[in-house]
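Visitor: Give me a 3D structure for the following:
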Amino acid sequence: MALLRRPIRVRWRIFAFMFAFAMLSYVQRTSVAVAGEQIMPALHLSHFQISLLNVAFTIAYALAQLPGGIVAQRFGGRWTYVGVGLVGLVAMLAIPVAPLLLTGIGLFIVLLAAQAILGVSQGPVFPAFAGVLQAWFPANRWAIGNGLQTAGMDLGGAIAPLLIVILSAPFGWQGALLCLVVPAALLTGTWAWYGRDRPREHRGVSAEELAELGDAASESAPVLTAARLRAIVFDRDVLTLAVSYLCMNYAFYLITFWSFQYLVEVRHFGGVESGLAGAMPWIGAGVGAAAGGYLSDALAERLGARWGYRLVPLVTLPIAGLLLLVTIQASTSYGAVAALTLAFAAVEINEGAYWAATMRVARADTAAATGVLNTGGNAGGIITQPIVGLLSDAGAWGGAFVTGTVFAFVAAGLWLLADPTRRDAPTPVSDGR
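Guide: The predicted structure follows:
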């Protein structure tokens, strides 16, 4: 009974906001891809033009990663997430409103700009979270925290197809996208009121919780000098992890932006059934991300961070690549959904290891270092979009999935070159002095 009376720690309330921001970010970023089947005939767009809208988001998102990490380290997670929410609101309003005012090339340019603004707004989401996690949680919970937040992201991806399909029935695709503005506004306002950058700044944090957090509660964020930033950007292990993450995210973005279109066009799902089928891979991804976080932390504690974080991607990324091949060879539509679901789970099980390993290298400079990591990850998305867009326009869906297999195997191999324990010191990334 004493366990039941124990109050919820403030750090888990802070984490709940991070979970919600991750979930909402993926509802927003996948909404255009999910609504693509309705947008294309309504606005006279092709698959390739939809891929360009995805590219506009992904390029802006990738370019905003390192600046987003710097902003998060400079201004803290509280006000960084407020900015994320407000700018994202503007972008999400522009996409459904623009067709009411413009047509032709002018409309397409505005849609590209709106997607780019949405990408910029979401650039700091995950680097800022890594900084919040580093401040609010002990090191032996970093992979778990990253895995659970990624599960929130994947839950957003799972919800998006259902939301768009259900809301489009009475309101059309424009009304469906406008409905997404309301939860974003509520979340941003509530976070501005409740959120804090560090445990000692929050009045609700007890002395007992501060004692549980130890050094994480007392460390202050360092000033990010030019020398420190250079050390982060050119760190051998950060760069290796970023390139591996690029390759992993090729497969991730292939499934994220194109699996729904594949299931509708090739596997002939329609209506609510298409929303349910499109949600299944995301549910698998969420389960994989959460399980991978726990598994990676457990292996790191048992085997050390070097091999503990390596083992999961070395095993599961090749499995993900093989499952992409199973998807295109499946004899039934539901078999293809099952293979995609398992493939996405096998990709996302690695999120905790990537982010925790980078945090292990960077420590106090976590926000900036994970900005480098996610720049690499989203470069994979930039590469994915035009390749898959052109192949799908040509009806070569099999070739598109094969490219994902190749990148998944390369991502696994690069983990053999990364060592998050190379600099085992209190502040692994030096300031250059």
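
Visitor: Now the element after the least confident helix or strand in the chain by mean pLDDT, going C-ward?
Guide: Lowest on mean pLDDT, DSSP states H and E among the helices and strands of the chain sits helix 2-5, with a mean of 46. The helix or strand immediately downstream of helix 2-5 is helix 10-34, counting by DSSP states H and E.

Visitor: Give the next helix or strand downstream of the host helix or strand of Ala231.
Guide: Here Ala231 sits within helix 226-233, counting by DSSP H and E. Counting by DSSP H and E, the element after helix 226-233 in chain order, helix or strand, is helix 236-265.

Visitor: Report the angle between the next helix-or-strand element following that following helix and helix 236-265.
Guide: Once the chain leaves helix 236-265, the next helix or strand it forms, by DSSP H and E, is helix 271-303. Relative orientation of helix 271-303 versus helix 236-265 (axes from the mean of the first three to the mean of the last three CA atoms, to 10 degrees): 160 degrees.

Visitor: Now the helix or strand following helix 271-303: buried residues?
Guide: Counting by DSSP H and E, the next helix or strand C-terminal to helix 271-303 is helix 305-329. Judged by neighbour count (16 or more other CB atoms under 10 Å), helix 305-329 contains these buried residues: 305-306, 308-314, 316-328. Quick note: C-beta positions are derived from backbone N, CA and C, even for glycine.

Visitor: cool, stretch 162-173 as well?
Guide: Leu162, Leu163, Ile164, Val165, Leu167, Ser168, Trp173.

Visitor: what's the closest of those residues to Gly85?
Guide: Gly85 has its nearest neighbour among the buried residues of stretch 162-173 in Leu163, at 18.3 Å by CB to CB.

Visitor: where's the closest one, which helix or strand?
Guide: When elements are assigned from DSSP H and E, Leu163 belongs to helix 142-179.

Visitor: cool, and Ala135?
Guide: Using DSSP H and E, Ala135 falls within helix 125-136.

Visitor: Look up how far Ala60 lies from Gly77.
Guide: Distance from Gly77 to Ala60, counting by CB to CB, to the nearest Å: 21 Å.

Visitor: more crowded one of those two?
Guide: Using other CB atoms under 10 Å as the criterion, Gly77 and Ala60 rank with Gly77 on top: 31 against 22.

Visitor: Identify the residues contacting the nearest residue to the more buried one once chain neighbours are set aside.
Guide: In space, and not counting its chain neighbours, Gly77 is closest to Val132: 4.2 Å by CB to CB, 6 or more residues apart in numbering. Residues near Val132 by CB atoms under 8 Å, 6 or more residues apart in numbering: Ile14, Met18, Gly77, Asp197.

Visitor: Determine which two of these are furthest apart.
Guide: Longest span within the contacts of Val132, CB to CB: Met18 and Asp197, 12.6 Å.

Visitor: out of these two, which sits in the busier spot?
Guide: Ranked by neighbour count (other CB under 10 Å), Met18 and Asp197 place Met18 first, with 25 against 22.

Visitor: which one is the more buried one nearest to, not counting chain neighbours?
Guide: Counting by CB to CB, 6+ apart, Met18 lies nearest to Phe129, which is 4.9 Å off, once chain neighbours are set aside.

Visitor: low-confidence ranges in the chain?
Guide: Within the chain, the segments meeting pLDDT under 70 span 1-7, 215-222, 424-433.

Visitor: how close does Phe48 sit to Tyr250?
Guide: Applying CB to CB, the value for Phe48 to Tyr250 is 18 Å.

Visitor: Give me the more crowded residue out of the two.
Guide: Set Phe48 next to Tyr250 and count neighbours by other CB under 10 Å: Tyr250 wins out with 27 against 14.

Visitor: so the more buried one makes contact with Gly404?
Guide: Yes. Shown here, Tyr250 and Gly404 form a contact pair, counting by CB atoms under 8 Å, at 6.2 Å.

Visitor: which residues in the stretch 301-433 of the chain form helices?
Guide: 305-329, 333-348, 351-362, 366-393, 397-414 (DSSP state H, counting those that start in this stretch).

Visitor: Save those helices as TSV, and put in distance to Pro124 too.
Guide: Shown next, in TSV, are the helices of the stretch 301-433 of the chain (distance: least, CB to CB, whole Å):
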stretch	distance to Pro124
helix 305-329	24
helix 333-348	21
helix 351-362	15
helix 366-393	8
helix 397-414	24
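
Visitor: Just name the most buried of the ones you listed.
Guide: Among these, the stretch with the highest mean neighbour count (mean count of other CB atoms under 10 Å) is helix 351-362, at a mean of 30.

Visitor: which helices and strands does it pack with?
Guide: On a contact count with 3 or more CB pairs under 8 Å, 6 or more residues apart in numbering; DSSP states H and E, helix 351-362 meets helix 125-136, helix 142-179, helix 236-265, helix 271-303, helix 305-329, helix 366-393.

Visitor: Just want the angle from it to helix 397-414.
Guide: 40 degrees.

Visitor: on that earlier part again, which of the helices of the stretch 301-433 of the chain sits closest to His202?
Guide: helix 366-393 (18.7 Å).

Visitor: Dihedrals phi and psi, the nearest residue to Ala291 once chain neighbours are set aside?
Guide: In space, Ala291 comes closest to Ile349 once its chain neighbours are excluded; the distance is 6.2 Å by CB to CB, 6+ apart. Per-residue torsions, Ile349: phi -60, psi -20 (degrees, to the nearest 10).

Visitor: Which residue is the nearest non-sequential neighbour of Phe407?
Guide: Nearest non-adjacent residue to Phe407 (CB to CB, 6+ apart): Tyr250, at 3.8 Å.

Visitor: Could you pull up the residues touching that neighbour?
Guide: Contact analysis of Tyr250 by CB under 8 Å, 6+ apart lists Gly380, Gly381, Ile383, Thr384, Thr403, Gly404, Phe407, Ala408.

Visitor: Identify, from these, the entry nearest to Leu178.
Guide: Within the contacts of Tyr250, the smallest distance to Leu178 is 25.7 Å, found for Gly381 (CB to CB).

Visitor: wouldn't that closest one be in contact with Gln65 here?
Guide: No. Checked against CB under 8 Å, the pair Gly381 and Gln65 is beyond contact range at 11.2 Å.

Visitor: and Ala72, what helix or strand is that in?
Guide: Using DSSP H and E, Ala72 falls in helix 65-101.

Visitor: Against which helices or strands is that helix packed?
Guide: Contact analysis of helix 65-101 by 3+ CB pairs under 8 Å, 6+ apart lists helix 10-34, helix 104-122, helix 125-136, helix 142-179, helix 181-194, helix 366-393 as its packing neighbours.

Visitor: what's the closest of those to Ala338?
Guide: Comparing the helices and strands packed on helix 65-101 by their distance to Ala338 (CB to CB), the top pick is helix 142-179, with 15.2 Å.
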